[in-house]
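**Q** The sequence isn't on hand, but the structure is:
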């Protein structure tokens, strides 16, 4: 699976990019036909502490899954987003088995 990380209005350090690639790589254990993942990291100009937006777009054959999370840290957003995608991929795999 190819992982594209784009950071808007700031430069993401390599440590964060490696963390994201590692987390998303684990999704292939749940669904092996993932084509690519696009991750968008955005900083919101607000006074709230939850100003970091993590958006993950996961492309699977015939569909795309999108998850958007707001957190204090990008790592928390990626963790929560990956957990949400994990549940969606499990459901998708069960549906495919039911139709087969």
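**A** Okay, I see it. Just so it is clear, the model here is predicted, and its values are computed rather than measured.

**Q** Could you grab the helix/strand/coil label for the closest residue to residue 72 other than its chain neighbours?
**A** Nearest residue to residue 72, sequence neighbours excluded (C-beta to C-beta, 6 or more residues apart in numbering): residue 49, at 5.1 Å. C-beta coordinates here come from the backbone N, C-alpha and C atoms, glycine included. Residue 49 carries the three-state label coil when classified by DSSP: H, G, I helix; E, B strand; the rest coil.

**Q** does residue 49 really touch residue 71, like I thought?
**A** No: the pair residue 49 and residue 71 does not pass the contact test of C-beta atoms under 8 Å, sitting 9.1 Å apart.

**Q** Name the residue in the two with the higher neighbour count.
**A** Using other C-beta atoms under 10 Å as the criterion, residue 49 and residue 71 rank with residue 71 on top: 18 against 9.

**Q** and the more buried one, what are its bridge partners?
**A** residue 52 (DSSP bridges).

**Q** From the centroid of this protein, which residue is nearest?
**A** Nearest to the mean C-alpha position of the chain, by C-alpha atoms, centre = their mean, lies residue 56 at 3.5 Å.

**Q** Report the mean confidence score over the lengthiest helix in the chain.
**A** For the chain, the helix with the greatest residue count under DSSP state H is helix 74-99. In this model, helix 74-99 carries a mean pLDDT of 91.

**Q** Can you give me the distance of residue 69 to residue 95?
**A** Using C-beta to C-beta, to the nearest Å, one gets 24 Å for the distance from residue 69 to residue 95.

**Q** Tell me the bridge partners for the residue nearest to the centre of the chain.
**A** Beta bridges link residue 56 to residue 39, residue 67, judged by DSSP bridges.
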